[in-house]
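Chemist: model the structure of this input:
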Amino acid sequence: MTPGAGISVLVVEDEPVAAEAHRAYVARTPGFAATAVAATGAQALEALARGPVDLVLLDMNLPDTHGIELCRRIRAAGADVDVLAVTSARELSTVRAAAAHGVVGYLLKPFTYPALRDRLLAYAEYRARLRGGGDAAGQDEVDRVLDAVRPSRSAPLPKGMGRETLDAVVAAVRAGDGLSAAETGQVIGASRITARRYLEYLADTGLVERAPRYGGTGRPELEYRWR
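Modeler: Modelled structure (predicted):
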């Protein structure tokens, strides 16, 4: 990363669709550049060893290690880098461990570009407030610096979609062993059409797999499984 080029970002994500989306989101955000993409924890450590990075966008569920363990290794290696969790891991134990390891933010998948953009711009403001060094004038200034990295508004979703319904669909698919749109609709108390829209959104963001379900009469229906 050349001086003045902005904030360098390492994307750590093993799902190719999501990795490319996150890389493109970073590239669209003024003042940021995605300098590398890593699919595993080992690749992430190699990328950090090759050159300085300002921010890591970290998925917690990696094929060779957990994101929290990768955070430990990053700190043990002495890398001066911030971490923003970008993950589907909803366990509060993981959220707590992330906070304990200094993760500056925690963004749940799925999300749209504006959601990540807001987090990145908030992080840029946070860095700008710290750049001058020196001492804080008082508690109010400390609070402003720490609050800068956490946007106050919730992450937006595509038009016509609601967070409560999305969370219900996510919970249903994670608990099920492959569900159709009709079955998901029954679980969450919604129509098949509504459930299918949310399921397709989750599939497009790489969080669920969709595949034909055979065995019945007529056209095979699609079945959705959490990755």
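
Chemist: C-alpha from now on. contacts and neighbour counts both.
Modeler: Will do.

Chemist: how near is residue 67 to residue 59?
Modeler: 6 Å (C-alpha to C-alpha, to the nearest Å).

Chemist: which one's more surrounded, these two?
Modeler: Between residue 67 and residue 59, residue 59 has the larger neighbour count (other C-alpha atoms under 10 Å), namely 29 against 23.

Chemist: tell me which element residue 211 is part of?
Modeler: Residue 211 is part of strand 208-213, with elements assigned from DSSP states H and E.

Chemist: what packs against the following helix or strand past that strand?
Modeler: With elements assigned by DSSP H and E, the helix or strand that comes after strand 208-213 is strand 221-226. Contacts defined by 3 or more C-alpha pairs under 8 Å, 6 or more residues apart in numbering; DSSP states H and E place strand 221-226 against helix 163-175, helix 181-188, strand 208-213.

Chemist: could you list the low-pLDDT ranges of the protein?
Modeler: Counting by pLDDT under 70, the chain contains low-confidence residues at 1-5, 132-156, 215-218.

Chemist: quick revisit: of the helices and strands packed on strand 221-226, which is nearest residue 200?
Modeler: strand 208-213 (8.4 Å; C-alpha to C-alpha).

Chemist: what comes up buried for that closest one?
Modeler: 208, 209, 210 (16 or more other C-alpha atoms under 10 Å).

Chemist: ok so, going back, distance to residue 199 added to the helices and strands packed on strand 221-226, as a markdown table?
Modeler: Below are those laid out as a markdown table (distance: least, C-alpha to C-alpha, whole Å):
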| stretch | distance to residue 199 |
| --- | --- |
| helix 163-175 | 7 |
| helix 181-188 | 7 |
| strand 208-213 | 8 |
